Structures are given as structure tokens and as C-alpha cells.
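Student: can you look at this prediction? I've put the sequence above it.
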Amino acid sequence: MSTPTPARLVVLVSGAGTNLQALIDATADPAYGARVVAVGADRDDIVGLARAERAGIPTFVKKVGQFSSRDHWDRAMAETVAGFEPDLVVSAGFMKLAGESFLERFGGRFVNTHPALLPSFPGMHGAADALAYGVKVTGATLFIVDAGVDTGPIVDQVVVPVEAEDSVETLHERIKAAERQMLVDCVGRMAREGWTVTGRTVQFGRRPAVP
Ligand SMILES: Nc1nc2c(c(=O)[nH]1)N[C@@H](CN(C=O)c1ccc(C(=O)N[C@@H](CCC(=O)O)C(=O)O)cc1)CN2
Ligand SMILES: NCC(=O)N[C@@H]1O[C@H](COP(=O)([O-])[O-])[C@@H](O)[C@H]1O
């Protein structure tokens, strides 16, 4: 039986790209069922872009400041990503909020991984906020992006302990180790099995055809 055509992933990054690297490594196996067709960023000179270039993956950078408005940036992002014809867009450390144009185009097939157990600690400092609060466990959340900030329906979550001697860095590294595995597992299942979103419930698999 022939291997099905791999799902096309566009991954968005703003930093080190270790989640991206985990996806690149996983897609080396044809059985994974997906390939990264492009990597986009909101800034240049980041390791995440270097990882893509090392893997021979096309990259693009769209900086908000290059555009006359945030909306123009958002539209440019949507058009550029659309040019790669993704089946799924993955935000993995991407530090910009997608706007109306992007969500109109990719809503429902745009996921983001966040380093906290949403709805706790949304925003740009999930690990630091969890540590400051004094929680005993935290983790990471993969969710389908909506117009809010970290409010979309949850695909999966993973829990890690907070240790007494943790710094933000040691905690975030522990989170990221678990997060990368969750991301690879979930994106692979979405690619191979599809997914459905009913209200706030996300399930792997495709809706049965209406008889
Ligand atoms: N429409 C959405 N877009 C994105 C979401 C989301 O939930 N809704 N999640 C982010 C990733 N993220 C948290 O997981 C996140 C990233 C950035 C921000 C934020 O406040 N960004 C500001 C400031 C950016 C900067 O200083 O560079 C902004 O975009 O203006 C909040 C949450 C991915 N996209
Ligand atoms: N709110 C968004 C956010 O904080 N995202 C987080 O940025 C890190 C990126 O790491 P990476 O660049 O090494 O993949 C990840 O932990 C991701 O959850």
C-alpha cells in the first residue's frame, strides 16, 4: 500500500526553535505523515530560522515594523503562509498574535503550543508566571488558535512538577522537554488522522460522512 501524501506544515517561530527542531526530526520518518514545507518568523537572526535553513526548509520573515499597520502585517503573513498551501499551521514559540485576516484563512487549522496549563498563565511569560505564583505543577498546552489570547480549544496538555530550587530557566526547560513530545505526538496524529472541533472539544479523527 502506498504511503499517503504527507500533510503540509508551516511552522512559525520567534526564537530558539527547539519545538521546530523536534518536528523537523519527526518528519524525517515517512510514517509520521507530515513534512515542514516552510518556516516563518516575525524577526530575523534567530536560531529557529537557522534550524530551518540547515534542514533545507524555505523560510520567510515578516516584521510588524516593516508594514504601515498591524493589519497589513497580518494580511501579509496570511498571504505568505497561504502560498505554501499548508494543511496545518503550527505556532511554536511564535510571539505575535494573529489577526482577523490570518484567522479567517487558517482558523481551525492553526495550533499553538504554550508553556503553561491554560487557562492558567496565558501570554508571553507562562513559565515565569507559574513560578511566581508558586504552583506545584505546571506544563504545556497545545490549542487551536482563536481570536483571543491563549483562549482557543485545547488539543492536549502535559504536566510537569515545579521543583523548590527551580529558576525560570530550569522550569521552562523541564516544560519544553515535555512540550516537544506532546507537540510531535499531536501534530502527527492531526496529520495522519485529522481532527474535529465541536465547541471547545477537539478530537482526533475525521467526522463520519453524513449518510
Ligand atoms: N490570535 C492569536 N494568535 C496567537 C495566539 C493566540 O492565542 N491567539 N497565541 C500566540 C502565542 N502566545 C502564547 O502562547 C502569545 C504570543 C504573543 C502574545 C503577545 O501578547 N504578543 C504581543 C506582543 C508581541 C511582542 O512583544 O513581540 C503582540 O502580538 O502584539 C501573547 C501570546 C501565537 N499567536
Ligand atoms: N506564549 C508563547 C510562548 O511562550 N511560547 C513558548 O515559547 C517557547 C519556544 O521555545 P522554542 O523556540 O525553543 O521552540 C516554547 O516553550 C513555547 O511554548
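Tutor: Yep, it's here. Owing to the predicted nature of the structure, the values given are computational and were not obtained by experimental measurement. Ligands and ions are numbered 1, 2, ... in the order given.
Student: and the longest helix along the chain, what's buried?
Tutor: Using DSSP state H, we find that the single longest helix of the chain is helix 168-193. For helix 168-193, burial by neighbour count (16 or more other Cβ atoms under 10 Å) applies to 171-172, 174-176, 178-180, 182-184, 186-191. Quick note: C-beta positions are derived from backbone N, CA and C, even for glycine.
Student: ok, and of those, which contact ligand 1?
Tutor: The subset of those lying close to ligand 1, counting by Cβ under 6 Å from any ligand atom, is empty.
Student: and the next element down the chain from the longest helix of the chain?
Tutor: Later in the chain than helix 168-193, the nearest helix or strand by DSSP states H and E is strand 195-198.
Student: please identify the buried residues of whichever helix or strand comes after that next one?
Tutor: Following strand 195-198 in sequence order, the next helix or strand is strand 201-204 (DSSP H and E). Residues V202 are the ones in strand 201-204 that count as buried (16+ other Cβ under 10 Å).
Student: mind listing what strand 201-204 pairs with, with the direction of each?
Tutor: strand 195-198 (antiparallel) (DSSP bridges).
Student: got the contact list for the strand it pairs with?
Tutor: G108, I144, P153, V155, R189, V202, Q203, F204, G205, R206, R207 (Cβ atoms under 8 Å, 6 or more residues apart in numbering).
Student: try it again with 10 Å
Tutor: 88, 107-109, 111, 144, 146, 152-153, 155, 186, 189, 202-208 (Cβ atoms under 10 Å, 6 or more residues apart in numbering).
Student: tell me which parts of the protein are close to ligand 1?
Tutor: Counting by Cβ under 6 Å from any ligand atom, the chain sits next to ligand 1 at 91, 94-98, 112, 114, 123-124, 145, 147, 149-150.
Student: looking at the residues you listed, which are in strands?
Tutor: Counted as lying in strands by DSSP state E, out of the residues of the chain next to ligand 1, are S91, N112, H114.
Student: just put the residues you listed in CSV and tack on distance to S14, pLDDT and neighbour count.
Tutor: Putting those into CSV (distance: Cβ to Cβ, whole Å; pLDDT from 0 to 100; neighbours: other Cβ atoms under 10 Å) gives the following:
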residue, distance to S14, pLDDT, neighbour count
S91, 9, 99, 24
N112, 12, 99, 23
H114, 13, 99, 26
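Student: what about ligand 2: which of the residues you listed touch it?
Tutor: Near ligand 2, by the rule Cβ under 6 Å from any ligand atom, you find H114 out of these.
Student: around ligand 2, pick out the residues from this protein.
Tutor: 13, 15-20, 48, 92-93, 113-115, 124, 126, 140, 176, 179.
Student: the same query, at a cut-off of 5 Å, please.
Tutor: G15, A16, G17, T18, N19, A92, G93, T113, P115, K176 (Cβ under 5 Å from any ligand atom).
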